[in-house]
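A.B. asks: Return a 3D structure for these sequence lines:
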Amino acid sequence: MKLFGSGVGSNAAGFLRDHWRGIERRQWWLSSSAIAVSLILTSGIVCLLLPSTIPQAPYYAFDTDLAMHALVGIILLFDVYVIFQQVQLFRFRRELAQREELFRLISENAADMIAVVDVDGQRLYNSPSYQKMLGYSQEELGKTSAFEQIHTDDRKSVMDAATEARRTGMGRTVEYRIRHKDGRWLTLESTASVVRNRDWEVEKLVIVNRDITERKQLEEQLYRSQKLEAIGRLSGGVAHDFNNLLGLIIGYAEALQQRIPGDDPYREAVDEIQNAGKRAAALTQQLLAFSRKQVLEPRVLSLNTIITDIEKMLRRLIGEDIEMELILSPTTGTVKADRSQIEQVILNLVVNARDAMPHGGKLTVETGNWRLDQSTMLRYPYVIPGPYAMLKVTDTGCGMDAELQSHIFEPFFTTKEKGKGTGLGLATAYGVIKQSGGYIWVDSEIDKGTSFRIYLPEVTDAPEVIAEVKPAAAAAPERRTILVVEDEPSLLKLTRNTLRAMGHTVFEAGDASEALAISRKTEIVIDLLLTDVIMPGMSGKKLADALLTERPGIGVLYMSGYTDGEIATHGVLEEGTAILRKPFTRDELLRRVEDALMAVAG
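C.D. replies: Predicted coordinates for the structure are as follows:
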């Protein structure tokens, strides 16, 4: 029999053939020698005994002594041969035992699953690793064909690969899913080699299967991460530019509202324009959250405190037909994050859980401490090990399959009916958690429910006490001088007109160099710098630093669709930085300007 008729392993196969042919020749020589010695011994005995057994035989001279010596010599030769034969048989048995032990060690300890099947697909041999990896005993495997446990969608490709190997004598690599005994699916990478008979016909296939389930999961996670990163960069850039346009729409709609009476037939159109602008602004803010480019104001927080504070709101959201249970560990560590954003994440997860249980169920919100270690990194290689505070939201709803889970964090992806969801809730949660240095993962099964797990880096500081919010002054003590810097001409014009309408003196500049020139040739006091963050040439932060050197005590208020560059490290504001988020309404602009002027006067 010729092994590995394909080119795979031909050198090793040739060595094995030559070795076993040598053994066969030795065995044939040993058997032939045994036959020859037996014939000689038998002839000698016959020659000695023939005269005495046949009285009528004619007499012939017979040397008895010589015959006896010859017979003794033949017997001694036979004894020597028997000893030689036993030594050779012992060597054969020992070599076979060694090879059997080597084969056993290889087959029992090989990480890959090795199988031998006939041309009809019936199993002839399965290595012990089959039971370790798939859970089936040798008896259970022996009662089934080689294709029975393979996923129905992959079965044809596997059978085609086996047919091709039998036809061409060359195996190829194929990936397929196979069912574990406990019902879960594993992904295998399989390579087949052919075994030919003496007529060079394929009679068996040697199949080596490798479990690549973990590798495929890592590849899928990397693909999802790269896809979300690409979508995030795109959505962040679009949202940033779109915010300037929305600022113009909202601002001029407000200006029209001030001039058009409520009973005017065009007032409704203006109101709708402003409402649409505000809804679009909310969507862009969610896109910025997903792309991790929004403004965060991190504080040291207790997850337990946040959940307790919004518990009543959560119970109103889910309704009376859903039971909500809070399992809040009193030892849960503190985290550093934006409270309003974490609240929004919890609300989004609870709303999604509610929608997954239209006929009622149970919702569990759990907190605790968790350490992400090396075992976690085996599944999620991008994880930074260390202590984390865990937030877990679990429902008993309809659940999701693997395909759906692969898309749930993408913006605008939703399974809800048209008009009942924007598809940005989970995308926003993903962005907020990632921007806060944490991780969010989902585990779900159809008809068994869904569990979202959030891990935020634990900090050692005590939770900050939220100061009581005091109402801001209605207006600054007096009208001031403001330097407005904005590289979008239309938005610069709108901001200038709005501030001048309130009685402020306004200098306007399209970039930082122009703003510095205005400051240096202006002798009067400039009370406030209102500047965009990202501008061509010098950024708003560098401009503010330069003006603070030239005009100590000047107030600074930043405005931007998102923070970037020197003003923020990875989108997180430095403590004490004031920023006006785009797009802003007229009232928001005036209030933030007045607050900044009051701080300067303070």
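
A.B. asks: Let me know how buried residue 373 is, in neighbour terms.
C.D. replies: 11 (other C-beta atoms under 10 Å). Every C-beta, even on glycine, is put in place using the N, C-alpha and C of the backbone.

A.B. asks: what's the spacing between it and residue 90?
C.D. replies: Distance, residue 373 to residue 90, using C-beta to C-beta, to the nearest Å: 55 Å.

A.B. asks: Can you tell me, leaving aside adjacent residues, what's nearest to residue 249?
C.D. replies: In space, and not counting its chain neighbours, residue 249 is closest to residue 277: 4.2 Å by C-beta to C-beta, 6 or more residues apart in numbering.

A.B. asks: whoops, I mixed them up, residue 546
C.D. replies: In space, residue 546 is closest to residue 516, 6.2 Å off (C-beta to C-beta, 6+ apart).

A.B. asks: Just give me the neighbour total for that neighbour.
C.D. replies: 18.

A.B. asks: my guess is it contacts residue 549, does it?
C.D. replies: No - at 10.8 Å, residue 516 and residue 549 do not qualify as touching, with contact defined as C-beta atoms under 8 Å.

A.B. asks: What strand or helix carries the residue nearest to residue 546?
C.D. replies: helix 512-521 (DSSP states H and E).

A.B. asks: Could you identify the helix or strand that succeeds that helix?
C.D. replies: strand 528-532.

A.B. asks: and the end-to-end length of stretch 327-344?
C.D. replies: 20 Å (C-alpha to C-alpha, to the nearest Å).

A.B. asks: In the stretch 251-400 of the chain, mark out all the helices, start to finish.
C.D. replies: In the stretch 251-400 of the chain, the helices defined using DSSP state H, counting those that start in this stretch lie at 267-290, 303-309, 311-318, 339-355, 374-379.

A.B. asks: right, so of these, which gets closest to residue 495?
C.D. replies: Residue 495 sits nearest to helix 267-290 of all the helices of the stretch 251-400 of the chain, at 16.0 Å, using C-beta to C-beta.

A.B. asks: angle of the closest one against helix 339-355?
C.D. replies: Helix 267-290 runs at 100 degrees relative to helix 339-355, counting by axes from the mean of the first three to the mean of the last three C-alpha atoms, to 10 degrees.

A.B. asks: Let me know the helix or strand that the residue positioned nearest the centre of the chain is in.
C.D. replies: The residue lying closest to the centre of the chain (C-alpha atoms, centre = their mean) is residue 221, at 2.4 Å. Residue 221 belongs to helix 213-259 when assigned by DSSP H and E.

A.B. asks: try residue 136
C.D. replies: Short version: residue 136 belongs to no helix or strand, going by DSSP H and E.

A.B. asks: what number of residues lie near it?
C.D. replies: 18.

A.B. asks: Provide a list of residues in contact with it.
C.D. replies: For residue 136, the contacting residues are 130, 149, 181, by C-beta atoms under 8 Å, 6 or more residues apart in numbering.

A.B. asks: re earlier: which other helices and strands does the helix holding residue 221 contact?
C.D. replies: The criterion is 3 or more C-beta pairs under 8 Å, 6 or more residues apart in numbering; DSSP states H and E, and the helices and strands that helix 213-259 contacts are strand 185-196, helix 267-290, helix 374-379, helix 489-501, helix 586-601.

A.B. asks: can I assume residue 209 sits in a helix?
C.D. replies: No - Residue 209: not assigned to a helix; according to DSSP: H, G, I helix; E, B strand; the rest coil it is strand.

A.B. asks: Could you number the chain from 15 rather than 1 from now on?
C.D. replies: New numbering, starting at 15: the last item is residue 223.

A.B. asks: quick one: contacts for it?
C.D. replies: Counting by C-beta under 8 Å, 6+ apart, residue 223 makes contact with 126, 127, 128, 129, 202, 203, 204.

A.B. asks: Nearest to residue 534 among these?
C.D. replies: residue 203 (69.7 Å).

A.B. asks: Who are the contact partners of that closest one?
C.D. replies: The contact partners of residue 203, by C-beta under 8 Å, 6+ apart, come to 187, 188, 189, 223, 224, 226.

A.B. asks: dump the residue contacts of the fifth one.
C.D. replies: Contact criterion C-beta under 8 Å, 6+ apart gives 125, 126, 127, 202, 203, 204 as the residues in contact with residue 224.

A.B. asks: Please report how far residue 338 lies from residue 530.
C.D. replies: According to C-beta to C-beta, residue 338 and residue 530 sit 57 Å apart.
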